[in-house]
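Q: need a structure here:
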Amino acid sequence: MDQPTRAALVAELTALLAGGNAHATLAHALADLPAPLRNQAVPGVPYTIWHLVEHLRIAQADILEFCVNPQYVALDWPADYWPDKTQAVEEAGWQAALHAIAHDQQQFINLLNDPAADFFAPLAHGEGQNLLREALLIGDHAAYHIGEIILLRRLLGAWG
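A: Numbers count the residues shown, from 1 in each chain. Sure, this is the predicted structure:
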C-alpha cells in the first residue's frame, strides 16, 4: 500500500476509534452523568451504565491483546467480558476504567500508526482475522454499546 493511501486509512480508522464520526463518543455519552446513575438499574434491562463501560473496557483490551500477543489466550464468552452484575462501581473503579479505555484506545491507534503494521495480513495466531478487521470491530462494538448507554440515560431521565 502506498504511503498516501496508508495515511488516509490510518486517519479514517483513528477517526472511527476516537472521533465518533456518525455516533457519539464515549466521552460525550458519559458527560455530566450523575455518579449514582452509573449503577442505577433500569427495569427490564440486564445491565447498568457501569456494566456497559466495563464491558467496553474488557472487550477493547482483549482485542488489543489479541492483536499484539502471539501467545494470546481467549477469554471465556460471555462470562469474562462482563463485570460481576452484583457489584456496583465506586469512583476509583469508574475512573480506572475510563483511563484504561483511553489508554488502550491510544495503544491501538499507535499500532495502526506503526509503519510495519500490515492491515491485511492474517494474525498468525488467529483464524483469519487481521488488524483492519480488529480496528473495525472495536469501532463497531463501541458504537453499539455507546448507543445503549445513551438509551439508558434517556430511560433514567439524564439525557438531553
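Q: going forward, measure contacts and count neighbours with C-alpha atoms only.
A: Fine.
Q: can you give me the helices for the chain?
A: 3-14, 26-30, 49-68, 91-113, 131-155 (DSSP state H).
Q: Relative to P122, which of the ones you listed is closest?
A: helix 131-155 (7.7 Å; Cα to Cα).
Q: Put together CSV for the helices of the chain, with mean neighbour count, mean pLDDT and distance to A74 on each row.
A: Shown next, in CSV, are the helices of the chain (neighbours: other Cα atoms under 10 Å; pLDDT from 0 to 100; distance: least, Cα to Cα, whole Å):
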stretch, mean neighbour count, mean pLDDT, distance to A74
helix 3-14, 14, 95, 24
helix 26-30, 17, 97, 25
helix 49-68, 21, 98, 8
helix 91-113, 16, 98, 18
helix 131-155, 18, 97, 14
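Q: Let's see the distance spanning stretch 60-80 from one end to the other.
A: This stretch, stretch 60-80, spans 13 Å end to end (Cα to Cα, to the nearest Å).
Q: D104 reaches D62, doesn't it?
A: No. In this structure, D104 is not within contact of D62 by Cα atoms under 8 Å, at 9.7 Å.
Q: Okay, A35 and R133: tell me how far apart.
A: Distance from A35 to R133, by Cα to Cα: 35 Å.
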